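Visitor: When you get a sec, could you give me coordinates for this:
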Amino acid sequence: MQKREDVAIAFYVLFMAMSQILATKIGDFSIGSLTITAPVAVLIFPFTFQITDIVNENFGQKATHRMIFIAFITQIFMTIFIWFSIEVTSAPFWGFDFGSDPVEAQRFWASFLGSTLRITAASWIAFLITENLDALLFAKIKKYTKGKHLWVRNVFSDIPTLALDSIIFVTIAFGGVFPIVSVIWGQILTKWFFGVVDTPFMYLSRGITSGKIKLDELFAKVNLAKAKEK
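Guide: The predicted model follows:
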C-alpha cells in the first residue's frame, strides 16, 4: 500500500514541476470552430487534482496533505535551483547553438526562467489554497455521502477548486502581461473538461488499490491472449 502511495506522490511532484515550466507558454487550443486560449500546462495540471482525489479516496486526507506538503517543498528547491542557474556567470563560449552570442543566450535564459519564477510564486499561492481546499471538499463530500457515489465527490470537489486555481494563478502569473480574462476562461473550461472525463480513472484506481482489479492477472490474461493469436 505504501509503495502505491509513493508512486502517486512521484507523479504528483512530476506533474507540478512540469506544469510550472509549461505554463510559460500560452497556446491556442482548437476544438472544431472553438478556440480556447490557455497556458500549455493546462494539458497536465488537472491531473494533479485527480491524483489528489485518488490519494484522498484510497489513503485518506492525512496522506493527501502529506503529499501536498512534499510537493510544496520540492517546488521551493526547484525555485532555488532556477535562481542559482540564472545568477551563475555564463562561460564565454556558452550558447544554444554554434557561434551564438553568450550574452544573448544568458538574456534569453534569464528571461525564460525568470518568468518561471513569477509563475512559480503564482503557482505556490494557488497550489496551497486550492489543493488543500480540494482535499477538504473531497473528504467532506465523502463523509456526507457515506463513502458512496465516488463520481460526485470527484467532480464536485474539482469543479470549484479548478476554477479558483485558474483565477488565482493566471491573475498573479500573467496580470499586466496578457489579457487574463480570456486566459482564465480558457484554462477553466479546459480543466473542467479533464476534471469530468477523469472520473473512470478514479474508479479504476480504487479497484486496483482495493485489490478488486489485479493488474498482474490482467496482464497475464492479455499476454496469454496474444500468445494464442500467434
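Visitor: Strands of this protein, start to end?
Guide: 26-31, 34-39 (DSSP state E).
Visitor: buried stuff in the first one?
Guide: By neighbour count with 16 or more other CB atoms under 10 Å, strand 26-31 contains the buried residues Ile26. All C-beta atoms are positioned from the backbone trio N, CA, C, and that covers glycine.
Visitor: Would you mind checking which helix or strand in the chain has the lowest mean pLDDT?
Guide: helix 215-229 (a mean of 54; mean pLDDT, DSSP states H and E).
Visitor: what number of residues lie near Gly176?
Guide: With neighbours defined by other CB atoms under 10 Å, the count for Gly176 comes to 6.
Visitor: now Ile159
Guide: The tally of other residues near Ile159 (other CB under 10 Å) stands at 16.
Visitor: show me the contacts for it.
Guide: Shown in contact with Ile159 (CB atoms under 8 Å, 6 or more residues apart in numbering): 192, 195.
Visitor: For Phe81, see how far away the residue nearest to the spatial centre of the chain is.
Guide: In the chain, the residue lying closest to the centroid (CA atoms, centre = their mean) is Phe45, at 2.7 Å. Remark: distance between Phe45 and Phe81 (CB to CB, to the nearest Å) = 21 Å.
Visitor: same check, this time on Leu22
Guide: 18 Å.
Visitor: Between the two, which is the more surrounded one?
Guide: Neighbour totals were compared for Leu22 and Phe81, and Leu22 leads with 17 against 11 (other CB under 10 Å).
Visitor: What about the closest residue to Lys25 other than its chain neighbours, how many residues nearby?
Guide: Distance criterion CB to CB, 6 or more residues apart in numbering; nearest residue to Lys25, sequence neighbours excluded, is Val40 at 4.7 Å. When neighbours are counted by other CB under 10 Å, Val40 registers 16.
Visitor: mind listing what Val40 touches?
Guide: Neighbouring residues of Val40 by CB under 8 Å, 6+ apart: 22-23, 25-27.
Visitor: Take these and lay them out in CSV including distance to Ala135 and pLDDT.
Guide: Below are these laid out as CSV (distance: CB to CB, whole Å; pLDDT from 0 to 100):
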residue, distance to Ala135, pLDDT
Leu22, 24, 83
Ala23, 22, 79
Lys25, 29, 82
Ile26, 29, 81
Gly27, 29, 83
